[in-house]
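[1] Turn this into a structure:
(one chain, ligands or ions: 1)
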Amino acid sequence: MAAVIDGRALARRMSEETRASVAALRATHGLVPGLAVVLVGADPASEVYVARKVAETTRAGMRSIEHRLDAATGEASLLALIADLNADPAVHGILVQLPLPPQIDAGPVLDAIDPAKDVDGFHPVNVGRLSTGTGGLVPCTPLGCLKLLDTVIEDYRGLAAVVIGKSNIVGKPVAMLLLERECTVTVTHLATRGLAAIVRAADIVVAAAGSPRLVRGDWIKPGAVVIDVGITRVTDAEGRQRLVGDVAFDEIGHARAATPVPGGVGPMTIACLLANTAQAAWATVDG
Ligand code: NAD
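    All right, here's what the predicted structure looks like:
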């Protein structure tokens, strides 16, 4: 049986570490990290994510600052708010919840966030730092994937890693992190030919396609480590909603270790957001 990599347990441990780091920052510098979350409109999934982020931020001892804007808000008003948050010394992290309504182009909005407060790690400066291996804030879900891998892999050097999906928020940053650890990385996507054969050669598989049960048991090399980022909401025969990953988890007993869905990558994203916010706040006192 493959070992199950428990994302909930690791996320709890990380959040405890962040809480301790926040307490130390308050004790030594009298500073309370502040995370500003901006939600435009009332997308139900975004509402749930934002509520969770606010609750976890407060639980970690940080200040949560919520900005809820009307769905009809224009780009100029959002950019003005971001300029205010950039200038506010009580705000150490800024997160603009995506997706934005159609009248707002996400590109200029994300570019407007001060890179030092860009706790999502989407600003081009942080993307550049990640790809040059020069620090910066790393996107939360990819960072969570690497923390999960770190629980089972000590030496990454020379391992063959396959990333399925090339999005800017998951696939590409995961690939950069694996490359930094000296894996031999193959990034695949919808136009990739012979995906199954490519995955069969991998020691590490990170699936971030959003395609339920795309990765079958016979795609996985015995002893491989599998991280399943995919989350698709499906309705089963009894009409119940459940979350399905990109990997047929029940078919990969011959893997060395794997993350389940739910309970794998999902819980790590908020834990990494909190860690990034604490890191951004410490950076203001550490220089
Ligand atoms: P995306 O749609 O932006 O990108 C998907 C990528 O997968 C694309 O590059 C596409 O080419 C590739 N792809 C899709 N189907 C494929 C197939 N059949 N074969 C090969 N490649 C294929 O999605 P995203 O934002 O990167 O998210 C990917 C998945 O991860 C989604 O299920 C999303 O819900 C999930 N996700 C989870 C978390 C979390 O756990 N916290 C965070 C972000 C995304």
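[2] so what pLDDT did the residue of the chain positioned farthest from its centre get?
    No residue in the chain sits farther from the centre than residue 238, which is 31.6 Å out by Cα atoms, centre = their mean. The predicted local distance difference test score for residue 238 is 93.
[3] I believe residue 64 is in a strand; please confirm or correct that.
    Yes - if the criterion is DSSP: H, G, I helix; E, B strand; the rest coil, then residue 64 is within a strand.
[4] rewinding a little: look up how far the ligand lies from the residue farthest from the centre of the chain.
    Separation of residue 238 from the ligand (Cβ to the nearest ligand atom, to the nearest Å): 23 Å. The way it works is simple: take the backbone N, C-alpha and C, and place the C-beta from them, glycine included.
[5] Just to be sure, that residue is in a strand?
    No - counting by three-state DSSP, residue 238 is not part of a strand but coil.
[6] Report the contact partners of whatever residue of the stretch 1-150 of the chain ends up closest to the ligand.
    Scanning the stretch 1-150 of the chain for the residue nearest the ligand gives residue 141, at 4.0 Å (criterion: Cβ to the nearest ligand atom). Residues in contact with residue 141 (Cβ atoms under 8 Å, 6 or more residues apart in numbering) are 169-170, 229, 265, 268-269, 272.
[7] where's it, which helix or strand?
    helix 140-150 (DSSP states H and E).
[8] quick one on the thing from earlier: state the pair within the contacts of residue 141 that is farthest apart.
    Taking Cβ to Cβ as the measure, the contacts of residue 141 reach their widest spread between 169 and 268, a distance of 14.2 Å.
[9] End to end on stretch 225-242, go ahead and measure it.
    The distance separating the two terminal residues of stretch 225-242, taken as Cα to Cα, to the nearest Å, comes to 24 Å.
[10] That one: which residues count as buried?
    Residues of stretch 225-242 classed as buried: 225-232 (neighbour count, 16 or more other Cβ atoms under 10 Å).
[11] now it, how far from the centre of its chain.
    Relative to the centre of its chain, stretch 225-242 is centred 18 Å away, using Cα atoms, centre = their mean, to the nearest Å.
[12] Then stretch 128-135?
    Centroid separation between stretch 128-135 and its chain, computed with Cα atoms, centre = their mean, is 17 Å.
[13] that older thread, okay, buried residues for the helix holding residue 141 please.
    140-149.
[14] do the same with stretch 48-61
    Of all the residues in stretch 48-61, those buried under the rule 16+ other Cβ under 10 Å are 49-50, 53-54, 56-57, 60-61.
[15] Just the pLDDT for the spatially most central residue of the chain.
    Note on the chain: the residue nearest the mean C-alpha position is residue 141, at 1.4 Å, using Cα atoms, centre = their mean. Reading off the per-residue confidence, residue 141 sits at a pLDDT of 98.
[16] tell me what whichever strand or helix holds residue 268 is packed against?
    Here residue 268, judged by DSSP H and E, is contained in helix 265-286. Contacts defined by 3 or more Cβ pairs under 8 Å, 6 or more residues apart in numbering; DSSP states H and E place helix 265-286 against helix 7-29, strand 34-40, helix 44-59, strand 93-96, helix 140-150.
[17] Does anything pack onto the second one? Which helices or strands?
    Here strand 34-40 touches helix 44-59, strand 63-69, helix 75-87, strand 93-96, helix 265-286, going by 3+ Cβ pairs under 8 Å, 6+ apart.
[18] Report the buried residues of the second one.
    Neighbour-count burial for strand 63-69, with 16+ other Cβ under 10 Å as criterion, is recorded at 64-65, 67, 69.
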